[in-house]
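*Asks:* With the input below, show me the fold.
(one chain, ligands or ions: 1)
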Amino acid sequence: MSKTFYLTTAIDYVNGHPHLGHAYEKVITDAIGRVHRSLGESTFFLTGLDEHGQKVQKAAMEQGKGSQEYCDELAASWQSFVGMLGLDHRDFIRTTQDRHKKVVQTILSKLHAEDHFYKATYEGYYSAKQETFLTEKDRHEDGSFDEIYGEVVRLVEDNYYFKLGRHQQWLIDYIEANPDFVYPDNRRNEVLGFLKNNTLEDLCISRPKSRLNWGIPLPFDEDYVTYVWFDALTNYVTVPASMGDPALPGFDFTSDNPPSLWPADMHMIGKDILKFHAVYWPIMLKAAGFQLPKQVCVHGWWQKDGQKMSKTTGNVVDPVAVIDEWGVDAFRYYMLRELDIGPDGNWTDDGFQSRYAAELANGIGNLVNRSLSMLNRYRNGEVPAICNELEDEVNNVAQEVIDLSCQHKLQGALKRTWELIARINQYIDQTAPFKLAKDPDQAGRLGEILYTLVESCRVIAVLLNPYLPGTSAKIYDQLALKDTPDLFKKSKWGGMQAGHVVGKPNPLFPRKDLPPKK
Ligand code: MSP
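*Replies:* Numbers count the residues shown, from 1 in each chain. Predicted coordinates for the structure are as follows:
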């Protein structure tokens with residue numbers, strides 16, 4: 001059985017509201033998943049929610065709700081958000097599901113039995129807001145703690161610890177020997193710098209139930225629940241393990257048709273949670289005897305108008321509002337085209353609107369509209385005989401776009417596709433079919449141009465499929481093709497058959513009259 005390309009996003013805190021950052025992470029991961037599907041590979045994309053922890057427990061209590069009831073309500077709105085983004089995910093994990101509890105507890109029992117944990121008394125500082133213990137290193141010179149930690153209290157508490165230190169050198173060697181493990185390079189260097197300049201402290205993996213009950217109980221001590229990060233990271237293994245993936249033995253699940261998902265090919269995460277994914281997670285997996293994911297891919301953070309997004313100042317981009325007004329593909333396009341995976345990005349409404357007008361409405365929208373209108377007007381929609389005039393040129397660009405897509409250079413792939421769109425729009429201006437149509441002697445030449453135009457639209461639809469799936473499907477629909485644009489190999493020139501009758505054009509990205517700028 002060949003391995004399925006398995007990719008994941010971080011799981012979002014259920015008590016937050018979906019914002020641009022969550023949307024971005026999901027859309028780039030979705031596009032990569034779809035790229036692999038367009039290459040003909042089987043692909044499994046997982047996203048979901050992180051539902052345990054003190055904040056959830058507290059918020060539920062404040063609303064007079066049970067924690068599970070509170071999570072169920074929020075989970076419904078997250079799931080509808082995921083639906084709005086047009087994701088092609090294959091599962092949606094919630095850390096409160098039984099399958100997940102079972103997997104977390106199995107791993108905990110195994111690690112406990114194999115002596116990876118010990119119990120000790122902790123005496124020190126604790127931030128309830130960040131749900132984390134703090135050390136002297138986290139203090140400012142004047143002894144205070146940063147405001148991101150909220151109220152910091154002195155705590156004396158018995159807890160379980162995971163012996164991380166013994167794996168430190170192994171992890172350094174692993175990351176050095178596997179340069180693709182953390183992408184991009186600056187993030188890899190950040191992890192290596194951290195590992196080489198610090199002694200890894202053992203990780204506290206429990207919380208006493210007396211303080212926090214909204215968590216997965218430790219199977220070997222009923223007075224404790226699991227630390228949220230130990231719980232959350234395990235989600236990536238839960239789904240394949242619960243489906244019976246043979247690469248994850250030791251779990252009590254059976255399946256007649258087990259998939260081959262593990263190891264994950266890619267965990268997509270934001271830069272703030274790098275340490276959890278590139279230090280704690282590989283060590284947890286190594287200790288449990290499982291293979292490591294092939295790549296932790298780290299994207300940057302979005303700002304709005306050069307400022308941190310924050311609800312309190314109102315400086316936010318609401319993805320739902322943007323999608324409602326402009327459509328999901330316009331939203332996907334702006335994020336994918338504006339920001340490469342790695343650096344930080346800056347959303348501006350002006351930038352969004354000018355890309356919409358220039359690249360969507362006037363770029364791809366105009367090309368498809370003009371091509372179909374002319375074919376309808378001059379030939380009643382009937383595709384003329386094949387013309388090879390731009391065959392090599394378009395095939396070459398298509399191959400470049402496919403190569404860039406394979407390397408997960410999503411922004412580069414879109415740039416190249418839009419160069420092709422501009423080139424074909426320019427070809428219309430240069431060949432001026434609207435003039436040739438007036439001269440019956442030019443009927444042959446007109447036919448060649450019309451073929452070139454509709455075939456180019458078809459090729460572009462295939463190339464766009466992973467990025468703007470709705471638009472790609474609409475183009476195929478307007479071309480009245482029975483087939484789907486689902487595989488890159490269909491981009492090869494010559495797919496349009498002479499005599500086929502295309503449909504009527506319908507604006508892909510309607511032009512918008514915007515209110516005048518103040
Ligand atoms: N629950 C943890 C992740 C556990 S993964 C085993 C968490 N949740 S989160 O809701 O705070 O963040 C989810 C993802 O959104 C993270 O990868 C984070 O980096 C990303 N983003 C949050 N804000 C962002 C921006 N402003 N811009 C881009 N991505 C950002 O952390």
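*Asks:* Now do the same contact list for Y224.
*Replies:* Residues near Y224 by C-beta atoms under 8 Å, 6 or more residues apart in numbering: 159-160, 206-209, 217-218. Just so you know, the C-beta spots here come from the backbone N, C-alpha and C atoms, and that holds for glycine as well.
*Asks:* What is the burial count for the residue lying closest to S242 once chain neighbours are set aside?
*Replies:* In this structure, S242 finds its nearest non-sequential neighbour in R99, 4.1 Å apart by C-beta to C-beta, 6 or more residues apart in numbering. Applying other C-beta atoms under 10 Å, we find 16 residues neighbouring R99.
*Asks:* Check which helices and strands the helix or strand where R99 lies sits against.
*Replies:* In this assignment (DSSP states H and E), R99 forms part of helix 98-113. Packing partners of helix 98-113 (3 or more C-beta pairs under 8 Å, 6 or more residues apart in numbering; DSSP states H and E): helix 228-233, helix 235-242, helix 281-288.
*Asks:* residues from the chain in reach of the ligand?
*Replies:* When proximity is defined as C-beta under 6 Å from any ligand atom, the chain approaches the ligand at 10-13, 16, 21-22, 24-25, 50, 232-233, 235, 269-270, 272-273, 301-302, 309.
*Asks:* and E25, how many neighbours?
*Replies:* Neighbours of E25 (other C-beta under 10 Å): 20.
*Asks:* if I pick it, what's in contact with it?
*Replies:* 9-10, 268-270, 299.
*Asks:* L134 versus whatever residue of the chain ends up closest to the ligand, what's the distance?
*Replies:* With C-beta to the nearest ligand atom as the measure, G270 is the residue of the chain nearest to the ligand, at 1.7 Å. According to C-beta to C-beta, to the nearest Å, G270 and L134 sit 22 Å apart.
*Asks:* Also L372?
*Replies:* 62 Å.
*Asks:* ditto for N235
*Replies:* Counting by C-beta to C-beta - N235 and L134 are separated by 26 Å.
*Asks:* where does V225 fall, helix, sheet strand or coil?
*Replies:* Here V225 is recorded as strand under DSSP: H, G, I helix; E, B strand; the rest coil.
*Asks:* Tell me how many other residues crowd it.
*Replies:* 22.
*Asks:* residue contacts, it?
*Replies:* Per C-beta under 8 Å, 6+ apart, neighbours of V225: 52, 206-207, 209, 212-218.
*Asks:* next one: M243
*Replies:* 253, 255, 258-259, 261.
*Asks:* Let's see the pLDDT reported for it.
*Replies:* On pLDDT, M243 comes in at 97.
*Asks:* Would you list the phi and psi of it?
*Replies:* Main-chain dihedrals, M243, degrees, to the nearest 10: phi -90, psi 0.
*Asks:* try L468
*Replies:* According to degrees, to the nearest 10, L468 has phi -120, psi 70.
*Asks:* correct me, but it touches Y334?
*Replies:* No - here L468 does not reach Y334: they are 11.0 Å apart, not a contact under C-beta atoms under 8 Å.
*Asks:* In contact with R211: list those residues for me.
*Replies:* E157.
*Asks:* Please, which helix or strand holds it?
*Replies:* Short version, using DSSP H and E: R211 is in no helix or strand.
*Asks:* Over to V298?
*Replies:* Using DSSP H and E, V298 falls in strand 296-299.
*Asks:* ok, residues contacting that strand?
*Replies:* By C-beta under 8 Å, 6+ apart, strand 296-299 touches 24-25, 28, 181-184, 187, 266-271, 274, 277-278, 281, 341-342, 408.
*Asks:* Go through those residues and flag which are in helices.
*Replies:* 24-25, 28, 187, 274, 281 (DSSP state H).
*Asks:* which of those residues lies closest to F434?
*Replies:* Of all those, F434 sits closest to I28, with 39.7 Å by C-beta to C-beta.
*Asks:* Surely the closest one touches L336?
*Replies:* Yes - I28 is within contact range of L336, at 6.8 Å (criterion: C-beta under 8 Å).
*Asks:* So which of the helices and strands packed on helix 98-113 is nearest Y118?
*Replies:* helix 281-288 (13.4 Å).
*Asks:* sec struct for L414, please.
*Replies:* Classified using three-state DSSP, L414 is helix.
*Asks:* Give the burial count for it, as a bare number.
*Replies:* 23.
*Asks:* for N178, same thing?
*Replies:* Residues near N178, counting by other C-beta under 10 Å, number 13.
*Asks:* Check D441 too.
*Replies:* With other C-beta under 10 Å as criterion, D441 counts 8.
*Asks:* And R139, by the same measure?
*Replies:* Neighbours of R139 (other C-beta under 10 Å): 14.
*Asks:* Please give me every residue in contact with the residue nearest to it when sequence neighbours are not counted.
*Replies:* Take R139 and drop its neighbours on the chain: the residue closest to it by C-beta to C-beta, 6+ apart is F145, 6.0 Å away. Neighbouring residues of F145 by C-beta under 8 Å, 6+ apart: 125, 127, 134, 138-139, 152.
*Asks:* Show me which of the residues you listed are buried.
*Replies:* Buried subset of these (neighbour count, 16 or more other C-beta atoms under 10 Å): 125, 127, 134, 138, 152.
*Asks:* dump the residue contacts of the last one.
*Replies:* Listed by C-beta under 8 Å, 6+ apart, the contact partners of V152 are 125-127, 134, 145.
*Asks:* re earlier: was I right to think the residue nearest to S242 contacts V237?
*Replies:* No - the pair R99 / V237 is not scored as a contact, 10.8 Å apart, by C-beta under 8 Å.
*Asks:* Could you list the low-pLDDT ranges of the stretch 51-200 of the chain?
*Replies:* Within the stretch 51-200 of the chain, not a single segment meets pLDDT under 70.
*Asks:* my read: P184 touches D340, true?
*Replies:* No - using C-beta under 8 Å, P184 makes no contact with D340, being 9.2 Å away.
*Asks:* ok, back up a step: now the contacts of V225 as a markdown table including neighbour count and secondary structure?
*Replies:* Below are these laid out as a markdown table (neighbours: other C-beta atoms under 10 Å; DSSP: H, G, I helix; E, B strand; the rest coil):
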| residue | neighbour count | secondary structure |
| --- | --- | --- |
| H52 | 29 | coil |
| S206 | 25 | strand |
| R207 | 25 | strand |
| K209 | 16 | coil |
| L212 | 21 | coil |
| N213 | 14 | coil |
| W214 | 24 | coil |
| G215 | 27 | coil |
| I216 | 23 | coil |
| P217 | 18 | strand |
| L218 | 24 | strand |
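*Asks:* In a helix, D158, correct?
*Replies:* No - using three-state DSSP, the secondary structure at D158 is strand, not a helix.
*Asks:* wait, isn't it in contact with Y122?
*Replies:* Yes - using C-beta under 8 Å, D158 is in contact with Y122, at 7.5 Å.
*Asks:* quick revisit: for ChimeraX, write the select line for the buried members of the contacts of E25.
*Replies:* Of the contacts of E25, the buried ones go into a single ChimeraX selection, burial set by 16+ other C-beta under 10 Å:
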select :9,10,268,269,270,299
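*Asks:* Thanks a lot, see you next time.
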